[in-house]
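Visitor: Fold the following and give me the result.
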Amino acid sequence: MATHVPWFRNWLQLIVLSLLFVAVMELIHLPAALLLGPMFSGILLAIFNRPVTVSKKSFAAAQAVVGAMIAHAIPPSVFGRIAADWPLFISCIFSVIFASAILGWIMAKLQVFPGSTAIWGSSPGAAAAMTIMAESFGADVRLVAFMQYLRVMIVALVAVLVTRIWMGTESADHAVATFTLFSPVRWLPFAGTLLVIAAGYLIARCVKIPSGPMLITLALGIMVEDTGLLTLELPPWLLALSYAMIGWSIGLRFTREIVCYAARALPRVLLSVLTLVAVCCGFAWLLVQFAGIDPLTAYLATSPGGADTVAIIASSSHVDISFVMAMQTGRFILVLITGPAISRFVAKRLGAQSSG
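Guide: Modelled structure (predicted):
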C-alpha cells in the first residue's frame with residue numbers, strides 16, 4: 001500500500017498546483033491560462049523529480065478535442081471573405097509566414113535552438129497546434145512550447161496595450177475574457193461532438209499520420225459544421241481537461257537542464273518575438289496605406305499569434321471583426337499546411353551548410 005502513496009501524492013500536488021496557477025493567471029488576465037497553468041505545474045514537479053506520467057492515449061484524446069475546438073472556431077463565412085479579397089489575404093498571410101520563417105532560420109543559424117525546433121517555435125499563430133505537431137516532426141516539444149507561449153503572452157499584452165491606447169481604457173477592459181467552467185450544455189449536439197472526437201481518435205490510430213488525432217478531428221469537425229449536420233458543442237470543462245492533459249504532458253518532460261537552457265536563451269527569444277511583432281506592425285501600416293484598412297483592424301489582423309485573444313479584443317473594439325478573423329484563420333490554416341514543409345526545408349538547408 002505504501003508504494004502507492006507517492007504516486008497519489010504527486011498527482012494531488014500536480015492538480016492543486018495547476019488550479020493555483022490557472023486561478024492566478026485568470027486573475028491577472030494572462031492568455032492560455034488553462035494550458036500554461038498545468039504546463040508550469042508539470043515543469044515544477046519534473047525539475048524537483050516528482051514523477052507523474054500522462055498516458056499517450058490521454059494525450060491523443062486531448063489532441064482530438066483541440067481539433068474539434070479549432071473546427072468550431074472557424075466559421076464558414078471566413079472562407080467567403082478570403083475568396084472575395086484573396087490577393088490581399090494571400091500576400092499578407094504569406095508575408096507574415098515568410099518573416100517568421102526567416103527569424104526561425106536566424107535563430108537556428110545562431111544555434112539559439114536546434115533547427116527544426118527554432119522553426120516550429122517561430123511559426124506565427126496556432127500555438128497549441130504547433131506545439132502538438134512539432135513533436136511528430138522531431139522537434140523538442142518543450143522548447144517549442146516555451147517559444148510559442150512566450151510569443152502568445154507578449155502579443156496579447158501588446159494587443160491589449162494598442163487597443164487601450166487607440167480605443168481608451170473602457171474598451172481594453174472589456175477585451176478581457178471571463179471564463180466560466182460550467183455552463184449549460186446542449187446534450188444532443190454534445191453527444192454528436194463526442195462521436196466526432198471519438199471517430200477522429202480511432203481513425204488516427206489506424207492511419208498514424210503526424211498529429212493525427214488533432215488534424216483528422218479538425219477535418220471531420222469542419223465537414224459536419226459546414227454541411228450543417230452538426231454544431232459542435234464543447235463544454236468549457238472538457239476543454240479545460242484537454243488543455244490540462246496537453247499542458248501536463250509537455251511540462252512533465254522538462255528537466256533542470258532544459259529549464260536552464262531555455263532561461264539562457266530567453267533574451268534572444270524575446271528579441272525574436274519583438275522583431276516579429278514589429279515586422280507585423282509594418283505589414284499593418286501597409287494595409288492602412290494601400291488597402292484603406294483602419295489602423296486598429298490592420299494591427300489585430302496581422303498580429304502574429306493568439307488568435308483567440310485577438311478575437312476577444314476585436315469583438316469589444318470598433319474594428320472590422322470579419323476581416324480580422326478571416327486573416328487570422330487563413331494564416332492559421334496555411335501554417336498548419338506549410339509548417340512541416342518549412343521545418344524540413346530549413347532543417348535540411350542548415351544540415352547541408354554545416355556539413356559543407
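Visitor: Could you report the separation of residue 225 from residue 23?
Guide: According to Cβ to Cβ, to the nearest Å, residue 225 stands 33 Å off from residue 23. Yep, even glycine has a C-beta here, placed from its N, CA and C like the rest.
Visitor: who has more neighbours, the two?
Guide: residue 225 (19 against 11; other Cβ atoms under 10 Å).
Visitor: Ramachandran angles for that one?
Guide: When read as degrees, to the nearest 10, the backbone of residue 225 gives phi -80, psi -40.
Visitor: Quick check: buried residues in the strand or helix carrying residue 329?
Guide: Here residue 329 sits within helix 321-355, counting by DSSP states H and E. Neighbour counts over helix 321-355 (16 or more other Cβ atoms under 10 Å) mark 323-336, 339-340, 342-343, 346-347, 350 as buried.
Visitor: ok, now stretch 46-64?
Guide: 46-47, 50, 52, 54, 58-64.
Visitor: Determine which two of those residues are furthest apart.
Guide: 47 and 64 (29.6 Å; Cβ to Cβ).
Visitor: what comes up buried for stretch 23-39?
Guide: For stretch 23-39, by 16+ other Cβ under 10 Å, it's 25-26, 29-39.
Visitor: Which of the helices and strands in this structure ranks last by mean pLDDT?
Guide: helix 169-174 (a mean of 48; mean pLDDT, DSSP states H and E).
Visitor: so for the very next helix or strand once past that helix, what's the average pLDDT?
Guide: Next along the chain after helix 169-174, taking DSSP H and E as the criterion, comes helix 187-207. Average pLDDT, helix 187-207: 94.
Visitor: List of residues touching helix 187-207?
Guide: 60-61, 64-65, 67-68, 212-213, 215-221, 224, 230-235 (Cβ atoms under 8 Å, 6 or more residues apart in numbering).
Visitor: I'd like to know which of the residues you listed are part of helices.
Guide: Mapping these onto helices (DSSP state H) picks out 60-61, 64-65, 67-68, 212-213, 215-221, 224.
Visitor: out of these, which are buried?
Guide: Buried among these by 16+ other Cβ under 10 Å: 60-61, 64-65, 67-68, 212-213, 215-218, 220-221, 224.
Visitor: Quick check: of these, which lies closest to residue 82?
Guide: Nearest to residue 82, judged by Cβ to Cβ, of those is residue 218 at 17.5 Å.
Visitor: which residues sit in contact with the closest one?
Guide: Listed by Cβ under 8 Å, 6+ apart, the contact set of residue 218 reads 67-68, 70-71, 200.
Visitor: would you list these in JSON lines and tack on distance to residue 252?
Guide: Listed next are the contacts of residue 218 as JSON lines, based on distance: Cβ to Cβ, whole Å:
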{"residue": "67", "distance to residue 252": "22"}
{"residue": "68", "distance to residue 252": "24"}
{"residue": "70", "distance to residue 252": "24"}
{"residue": "71", "distance to residue 252": "28"}
{"residue": "200", "distance to residue 252": "25"}
